[in-house]
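Engineer: Predicted structure and sequence below. I'll ask about it afterward.
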Amino acid sequence: MMQAVVAEPISQQVNRLRKAGDLPGAWNTGFAALAENPQDRYLRGALFWVCYDYLKGFLQPILLRGQQNNAYRPNDWEYRDIEGVLEVIGQLQIPTGGFEYRCLLVLFRKNMDCFPTLIRLVMQHQAGLFNDEDKTPYVSDRGESPSLMLNCVRKVALAWKNFGKHWQLPLAAVLALLDRARAECRDVQHKFWLDYDQARCLVLAGQNREARDFILPVLRRKQSESWAWGDLASTYRQDGHEAEVALFAKGIGCAVNDQFSIPLLRGIAPLHMTQGKAREGSLFIKQLVRIYQSQGWALKQNIVALTQGSGYDQSVDLTELPAVLTQLSAKALAYLHGPTRQCAGIVERCHQSGKGFDVYLNQRETLSVRLGLHRHASGKRKLPSPGDYVALTLAEPEPGCVEVVVSGCSDPVVMEGVETLTGVLRVNPKGFGFVDDTFVSPFLVPEAMDGQTVSIIRVKSTDRKKQTIGWKAIHLGFDGSINAGNV
């Protein structure tokens with residue numbers, strides 16, 4: 001008898017054609033069969049991978065361009081091709097929990113926010129879309145790389161900000177997704193960006209006070225960034241001229257590159273012109289024009305309109321701009337931190353990581369300062385040395401919690417518990433030493449210095465283990481040399 005030939009399942013035919021590189025054949029064969037048997041889940045799964053391979057091909061030139069200019073937005077025909085395939089994937093109704101949607105998220109990691117169908121799929125399937133691995137950041141010697149979930153949720157928020165009304169994406173659903181990411185993502189280094197995304201969405205929705213609650217913690221971490229001050233300023237658009245001006249001015253002063261100040265200059269200039277403060281407004285407009293001309297850019301129409309306004313004075317002197325910014329931004333920190341106070345301190349030690357230092361205020365109080373908050377006399381991002389005097393601006397965001405807002409270099413001042421002393425260094429075989437009754441850490445003790453006369457700066461401190469008060473050196477000098485220990 002002849003053995004009966006078992007027909008190859010249609011899903012396997014589709015897979016075979018796809019793996020052979022015949023995507024049109026796989027597509028036509030699969031969708032013709034699906035029309036007759038729409039409940040065949042194996043066939044729907046096979047067709048998903050046909051769609052996926054098409055998408056990989058469509059995305060390849062976009063990703064190659066993006067590697068050159070960091071712009072991953074598709075052109076019109078690329079958008080139409082990709083959206084068409086994504087709509088087909090939506091119609092396949094692949095269940096959540098498998099490998100399929102995760103592969104899509106990885107594939108579109110750079111530009112998911114450009115495609116409404118993909119954003120809707122994320123929002124529709126969010127409850128079962130991300131596994132434990134997707135919620136965990138990759139950690140290397142350079143820090144964290146954002147988890148897949150954090151990256152995708154941020155793209156959803158960006159899509160709402162740019163296209164939410166046009167795509168009819170509900171803000172409530174986006175905010176719920178942000179809350180889910182806060183609760184489930186294991187990111188530490190980048191999770192605060194979710195607050196930033198929510199703030200920007202709320203500003204666009206006109207919910208400025210709610211947005212302010214989210215942007216304030218971000219700005220406290222990013223005080224040296226001009227954009228962060230501009231985002232806080234945007235939450236005061238309905239509350240008054242003074243706050244906006246102070247915050248815009250502060251941001252302009254923080255801009256390390258003139259181009260970074262453009263959005264803030266465009267925000268502050270009309271505020272002054274409409275308030276009749278033509279001199280300051282003219283300075284901002286002239287600075288805008290100067291930046292555009294220095295880059296060889298054509299002036300945007302709204303800037304041209306400002307230069308043609310009746311109050312604009314082209315003869316203003318741009319050398320006055322720094323002083324004007326300093327004056328206008330005087331109250332900016334109060335909007336960020338509330339009431340502040342100033343105090344003097346001396347650098348006790350630098351952190352081994354190089355990212356901060358401890359400042360001695362008195363024998364009961366030492367504060368840690370992040371490097372990003374310190375303004376070095378050189379103007380560069382540079383740690384001070386132990387023994388350097390600093391001026392601190394402090395805030396108290398909640399009772400009993402003191403926070404350093406700004407640190408700057410200072411001339412020496414008289415401080416309780418701080419003294420200079422000259423004496424003979426006696427070195428213990430274990431490495432530490434003493435000058436009279438002052439303890440000198442091994443980190444400060446130079447080699448072959450036992451019995452030599454040295455000068456030190458010492459502070460009175462409490463030994464927490466022994467519960468005793470004594471002197472310890474924070475700075476040691478000999479023949480003009482200085483040894484400052486890092487711990």
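Structural biologist: Arrived safely. Remember, it's a predicted structure, so these values are computed and weren't measured experimentally.
Engineer: contacts and neighbour counts: CA atoms only from here.
Structural biologist: Fine.
Engineer: mind checking pLDDT for Asn15?
Structural biologist: pLDDT, Asn15: 95.
Engineer: Likewise for Pro61?
Structural biologist: Looking at Pro61, its pLDDT stands at 96.
Engineer: One more: Met2?
Structural biologist: With respect to pLDDT, Met2 has a value of 50.
Engineer: and what of the one 3 residues further on?
Structural biologist: The predicted structure scores Val5 at 52 on the pLDDT scale.
Engineer: Arg426 is in what secondary structure piece?
Structural biologist: strand 418-427 (DSSP states H and E).
Engineer: Just list what that strand packs against, helices and strands only.
Structural biologist: With contacts taken as 3 or more CA pairs under 8 Å, 6 or more residues apart in numbering; DSSP states H and E, strand 418-427 sits against strand 433-435, strand 453-463.
Engineer: Can you say which of those is nearest to Ala183?
Structural biologist: Between Ala183 and those, the shortest separation by CA to CA is 40.3 Å, and it involves strand 453-463.
Engineer: re earlier: what does the strand holding Arg426 contact?
Structural biologist: Applying CA atoms under 8 Å, 6 or more residues apart in numbering, the contact partners of strand 418-427 are 433-436, 445, 449-460.
Engineer: ranking the helices and strands packed on strand 418-427 by burial, who's on top?
Structural biologist: Comparing the helices and strands packed on strand 418-427 by mean neighbour count (mean count of other CA atoms under 10 Å), strand 433-435 ranks first with a mean of 22.
Engineer: Could you pull up the mean pLDDT of that strand?
Structural biologist: The pLDDT scores in strand 433-435 average 92.
Engineer: which is the next helix or strand following it?
Structural biologist: strand 438-440.
Engineer: now for that next one, which elements pack on it?
Structural biologist: Secondary-structure packing of strand 438-440 (3+ CA pairs under 8 Å, 6+ apart): strand 433-435, strand 468-478.
Engineer: Specify the stretch among the ones you listed that is closest to Leu325.
Structural biologist: Closest of these to Leu325 is strand 468-478, at 37.4 Å (criterion: CA to CA).
Engineer: Neighbouring strands - and their directions - for the closest one?
Structural biologist: strand 438-440 (parallel), strand 453-463 (antiparallel), strand 481-483 (antiparallel) (DSSP bridges).
Engineer: what about Leu171, neighbour count?
Structural biologist: 18 (other CA atoms under 10 Å).
Engineer: Hmm, Tyr312 is touching Leu306, no?
Structural biologist: Yes. Using CA atoms under 8 Å, Tyr312 is in contact with Leu306, at 7.3 Å.
Engineer: Find the residues that touch each one of the two.
Structural biologist: Ile285.
Engineer: Generate a markdown table for the strands paired with strand 468-478, with mean pLDDT and distance to Ala35 as supplementary columns.
Structural biologist: Output for the strands paired with strand 468-478, formatted as a markdown table (pLDDT from 0 to 100; distance: least, CA to CA, whole Å):
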| stretch | mean pLDDT | distance to Ala35 |
| --- | --- | --- |
| strand 438-440 | 92 | 84 |
| strand 453-463 | 89 | 80 |
| strand 481-483 | 44 | 81 |
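Engineer: what angle sits between the strand holding Arg426 and strand 468-478?
Structural biologist: Direction vectors for strand 418-427 and strand 468-478, defined by axes from the mean of the first three to the mean of the last three CA atoms, to 10 degrees, enclose an angle of 80 degrees.
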